[in-house]
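Chemist: predicted model and sequence follow; I will ask about them next.
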Amino acid sequence: MKVLPVGEDALLVEVSSGDEAQALHAELLRRRAEGTLSVREIVPAARTVLLDGLDAPARLAAELTAADLPAAPPRARDVVEIPVRYDGPDLAEVAAHWGVPVREVARIHGDTEFRVAFCGFAPGFGYLTGLPPRYDVPRRATPRTAVPAGSVALAGPYTGVYPRSSPGGWQLIGTTDAVLWDHARVPAALLSPGTPVRFVPEAGS
Amino acid sequence: MTDRALAIVRAGALTTVQDAGRPGHAHLGVPRSGALDRPAADLVNRLAGNPPETAVLETTLDGCAVRPRSTVTVAVAGAPCRVTVDGRPVAWGAPVRVPAGALLDVGPALSGLRAYVGVFGGIAVEPVLGSRSTDLLSGLGPPPLADGTVLPLGRPVGVHARVDVAPQPAPPSELVLRVTLGPRDGWFTPGAVRAFVSRPYRVSSASNRIGLRTEGPALERARPGELLSEGMVLGAVQVPPDGRPVVFLADHPTTGGYPVIAVVRAADLPAAAQAVPGTPVRFVAVRRR
C-alpha cells in the first residue's frame, strides 16, 4: 500500500489490485460509520481510494503506511438484477474478440457475478468488474457521438450501463430499461461502489 | 406561480443558478459544482440579506437582464460591471431595490469574467441532492438560463445587510496559483516539473466551469502508458496527452485517467474563476502546511 498526499487535505491510497481497492474501500467506510474517520469524500477507483476533505491527512497517511489495513470483506448486499436485451450494435464485434458465437456473449455476460468497482463519468455510471481477463475488449477506435441511455457496454475489463444519452467509446452489447439514475428517487443511483450486479437476459434475446 | 419570481429577459452567454454545490457524492460520479467565485457569491448574499449558501445567479462575460415580479432587494458583485434599473445606473457591490416589473440589467464584465446576482429570498428552483446548482458536466440542477425562463424566488429568511459598499479583490491581471506537487508528478520528466513551476502559461479560451485550460509549454511525460482511473479533487492540475495543464474547477469529473501533476490551493481558485482568456498564469510550488 502506498499513500500519496493530494493537495492540502486529501490522500490517494494506492493498492495492487482491484480486490484490494474494494476491501480498503469497505474498511474506510466502516471506519467512517463508526466515527473514527472524518472525511468528506471516499472515492474508490481501479487501484486506488481517494480520501478528500480530511481533518488530519498527515496523521492518517502515517497511520495507513505504518499498519497494514485489515482487509474488511465487503458487506453482504442485495444483488441488483438488471434485465437486458442483448441486441447491441457491437455484439458481433465483441463475439469476434472473445472468439465465441454471437449468442454465447449473452450467456457469458448473463452468467457473470459483477460488482461495482467504482463510479464516475456520469452520475449513476458504475464500472462493473467480474468478467475474467480473457474477455477484455478494447474501446472503439472512433467513439460514438451519442450512445442511447440504457446501453449495456464493455471496455477493457469493465461493463457499464449508460445512465443517459452521451458520447461514448465503449462496445455496445445490449439495452436495458432499468433506470440507473433518478434524482427524485432515494437513493438516486441504482449502483454505488460495492453493489453486486447480475444481468438477466430478457426472454427472446 | 406567485409574484415571487424572476423573469429572465436576457440570459447572456452563460448564466446559471449556483449555491454551495453538492459535495459528498463524488463516489457516485456527481461533481461538487457550486459558485466558482465563492467569496463573490457569499458577498452578494450578505448584501441582499440571505444566508451564505442561498442560490444566486452566476453570469459569464456579458451579464444578464432580469425582471422581478415583485419589489426585491438585489446585489451584484464578482466581475465589475455596469448595473442599471430601467436604464438608470445603480450601485455595483451594494444592495439595490428593484421595483416590481422593473428591468435590472447586469452589463458586460468591465474586467474579470463572472458576475453574481443575489436576490433577497434566493433563487428557489427545486434542489437536486441538496443543491440548486447547475452542473454543466453531468446535467444535474436547472439547465443554463434561457431568455424567457422564469425562476421562483424563496421566502426571505434574513434581514437586509446594513452595508453600503463592500471591498472586493479586483480580477487578476496575472493569475498566481500556489500548488503542491503530486500525486502524479513522478509521471513527468524533471525538466517538465521545473517548466511547470517556472514558465509562464496563459488562460485558454477553451476554459469553462469544468476546467481552466492553459496554453504554454507542453509537459513531457517520463513514463508512457495509461494511468488507471482514479479519484480527482477540486483544483487538481491534470495533464492530458497534449501536455497543457488543466486546473479542475467546480464541475470537474470525479474520476479521471490523466496524471495530476499538482493541486492548486483552494484559496486561489476564486481568482481563477475571474481570469479572462489570455491572462498570464504562474504555478508556484509551495510546501504542504
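Modeler: Sure thing, it's come through.

Chemist: got the residues of chain B near chain A?
Modeler: The interface of chain B toward chain A, taken as Cβ under 8 Å from any Cβ of the partner chain, is made up of B:23-30, B:128-129, B:138-140, B:180, B:182-183, B:228-233, B:235-236, B:253-256, B:260, B:263-266, B:288-289. The C-beta positions use only the backbone N, C-alpha and C, and glycine is treated the same way.

Chemist: check those for burial and list the buried ones.
Modeler: Buried by 16 or more other Cβ atoms under 10 Å in any protein chain shown: B:23-30, B:128-129, B:138, B:140, B:180, B:182-183, B:229-233, B:235-236, B:253-256, B:260, B:263-265, out of those.

Chemist: among those residues, which ones are in strands?
Modeler: Judged by DSSP state E, these include B:180, B:230-231, B:236, B:255-256, B:260, B:263-264 as members of strands.

Chemist: pLDDT value on the residue in chain B positioned nearest to chain A, please?
Modeler: Closest residue of chain B to chain A, Cβ to the nearest Cβ: residue B:231 (2.8 Å). Confidence at residue B:231, expressed as pLDDT, is 97.

Chemist: is it in a bridge, and if so with what?
Modeler: Each beta-bridge partner of residue B:231 is listed here: residue B:255, as defined by DSSP bridges.

Chemist: contacts only, for it.
Modeler: With contacts taken as Cβ atoms under 8 Å, 6 or more residues apart in numbering or on different chains, residue B:231 has the following neighbours: A:12, A:41, A:43-45, A:48-50, A:52, B:26, B:254-255.

Chemist: where does chain B have low pLDDT?
Modeler: Counting by pLDDT under 70, chain B contains low-confidence residues at B:1-2, B:158-165.

Chemist: which one is the residue sitting nearest the centre point of it nearest to, not counting chain neighbours?
Modeler: Within chain B, the residue whose C-alpha comes closest to the C-alpha centroid is residue B:36; the distance, by Cα atoms, centre = their mean, is 2.0 Å. Spatial nearest neighbour of residue B:36, excluding adjacent residues (Cβ to Cβ, 6 or more residues apart in numbering or on different chains): residue B:273 at 3.5 Å.

Chemist: and the one you found, what does it touch?
Modeler: For residue B:273, the contact set (Cβ under 8 Å, 6+ apart) comprises B:36-37, B:113-114, B:249.

Chemist: for those residues, which one is nearest residue A:28?
Modeler: When those are compared for distance to residue A:28, the smallest value, 26.7 Å, is given by residue B:249; criterion: Cβ to Cβ.

Chemist: tally of neighbours for that closest one?
Modeler: Counted with other Cβ atoms under 10 Å in any protein chain shown, residues neighbouring residue B:249 total 23.

Chemist: from residue A:176, how far off is it?
Modeler: Between residue B:249 and residue A:176 the distance, using Cβ to Cβ, to the nearest Å, works out to 33 Å.

Chemist: for chain A, which helix is longest?
Modeler: The single longest helix within chain A, with elements called by DSSP state H, is helix A:18-34.

Chemist: alpha carbons of that one, as PDB, please.
Modeler: Extracted C-alpha coordinates of helix A:18-34, given in PDB (Å, rounded to 0.1, in the frame of the first residue of the first chain):
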ATOM      1  CA  GLY A  18      -9.000  -4.100  -7.700                       C
ATOM      2  CA  ASP A  19     -10.000  -6.600  -5.000                       C
ATOM      3  CA  GLU A  20      -7.600  -4.800  -2.500                       C
ATOM      4  CA  ALA A  21      -9.100  -1.500  -3.500                       C
ATOM      5  CA  GLN A  22     -12.600  -2.800  -2.700                       C
ATOM      6  CA  ALA A  23     -11.500  -4.200   0.600                       C
ATOM      7  CA  LEU A  24      -9.800  -0.900   1.500                       C
ATOM      8  CA  HIS A  25     -12.900   1.000   0.500                       C
ATOM      9  CA  ALA A  26     -15.100  -1.300   2.700                       C
ATOM     10  CA  GLU A  27     -12.700  -0.800   5.600                       C
ATOM     11  CA  LEU A  28     -12.700   3.000   5.200                       C
ATOM     12  CA  LEU A  29     -16.500   3.100   5.000                       C
ATOM     13  CA  ARG A  30     -16.600   1.000   8.200                       C
ATOM     14  CA  ARG A  31     -14.300   3.500  10.000                       C
ATOM     15  CA  ARG A  32     -16.300   6.400   8.900                       C
ATOM     16  CA  ALA A  33     -19.600   4.800  10.000                       C
ATOM     17  CA  GLU A  34     -18.100   4.000  13.500                       C
END
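
Chemist: following that helix, which helix or strand comes up?
Modeler: Next helix or strand after helix A:18-34 toward the C-terminus (DSSP states H and E): strand A:41-44.

Chemist: which strands or helices does that next one pack on?
Modeler: Helices and strands in packing contact with strand A:41-44 are listed as helix A:18-34, strand A:48-52, strand A:114-120, strand B:230-231; criterion 3 or more Cβ pairs under 8 Å, 6 or more residues apart in numbering or on different chains; DSSP states H and E.

Chemist: returning to that earlier point: turn the contacts of residue B:231 into CSV, including distance to residue B:119.
Modeler: Formatted as CSV, the contacts of residue B:231 follow (distance: Cβ to Cβ, whole Å):
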residue, distance to residue B:119
A:12, 40
A:41, 31
A:43, 35
A:44, 40
A:45, 40
A:48, 42
A:49, 41
A:50, 36
A:52, 32
B:26, 30
B:254, 31
B:255, 36
